[in-house]
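Engineer: Fold the following.
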Amino acid sequence: MDDLINLDNFREYLQVAVFNVFLQNKKVPYNNNGVNLLRNAMNVVCDQFVKNGTLSERPSTAEEIADTGTETQPAYTITFKDIFEMTAQDRMKRVGPPANIVLNLAGAIHSIEINVEAYA
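Structural biologist: Numbers count the residues shown, from 1 in each chain. Modelled structure (predicted):
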């Protein structure tokens, strides 16, 4: 249940942060600078959820280690479609490049088994 609540909050905070980029800037340019404005707002939200314990790094699987060479996966990654791959039609409609955020939930321990051996 805690993950569900935290993810609902994450979605809400992320939406507000992105809306604020548009509200606080006279213009969000259709270039890498505009994408960076949006990415920075998303990073702030993701960092907030790392600090509150919702997200955390996780150990890499053997396959991930073989692919990336890293022992741990970051708490989150944010990627955007390259701005130069956007169609002229999307640009005319002012549709920015889609973002993809991958989150690693920290999870939580809800129970534990304890074995006790006592000898006389």
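
Engineer: show me the residues around Val21 that make contact.
Structural biologist: Counting by CB atoms under 8 Å, 6 or more residues apart in numbering, Val21 touches 28, 37-38, 41. Backbone N, C-alpha and C define where each C-beta goes, glycine included.

Engineer: what separates the helix ranked longest in the chain from the chain centre, distance-wise?
Structural biologist: In the chain, with assignment by DSSP state H, the single longest helix is helix 2-24. Offset of helix 2-24 from its chain centre (CA atoms, centre = their mean, to the nearest Å): 11 Å.

Engineer: swap in stretch 73-93?
Structural biologist: Averaging C-alpha positions (CA atoms, centre = their mean) puts stretch 73-93 15 Å from its chain's average.

Engineer: Could you check the longest helix of the chain and say which residues are buried?
Structural biologist: Buried residues in helix 2-24, counted by 16 or more other CB atoms under 10 Å: 6, 10, 13-14, 17-18, 21.

Engineer: Cys46: neighbour count?
Structural biologist: 23 (other CB atoms under 10 Å).

Engineer: can you start the count at 18 instead of 1 from here on
Structural biologist: Got it, first residue is 18 now, which makes that one Cys63.

Engineer: ok, now how distant is it from Thr89?
Structural biologist: 16 Å (CB to CB, to the nearest Å).

Engineer: Please apply the same query to Asn48.
Structural biologist: 33 Å.

Engineer: separation between the residue lying closest to Ala116 once chain neighbours are set aside and Gln32?
Structural biologist: Nearest non-adjacent residue to Ala116, counting by CB to CB, 6 or more residues apart in numbering: Phe97, 5.1 Å away. Separation of Phe97 from Gln32 (CB to CB): 17 Å.

Engineer: Show me what secondary structure element comes after the least confident helix or strand in the chain by mean pLDDT.
Structural biologist: The weakest-scoring helix or strand in the chain, judged by mean pLDDT, DSSP states H and E, is helix 79-85 (a mean of 87). Downstream of helix 79-85, the next assigned helix or strand under DSSP states H and E is strand 89-90.

Engineer: From the contact counts, what lies against the next helix or strand after that following strand?
Structural biologist: Note on strand 89-90: by DSSP H and E, the next helix or strand toward the C-terminus is strand 93-97. Of the remaining helices and strands, those touching strand 93-97 by 3 or more CB pairs under 8 Å, 6 or more residues apart in numbering; DSSP states H and E are helix 49-68, strand 116-120.
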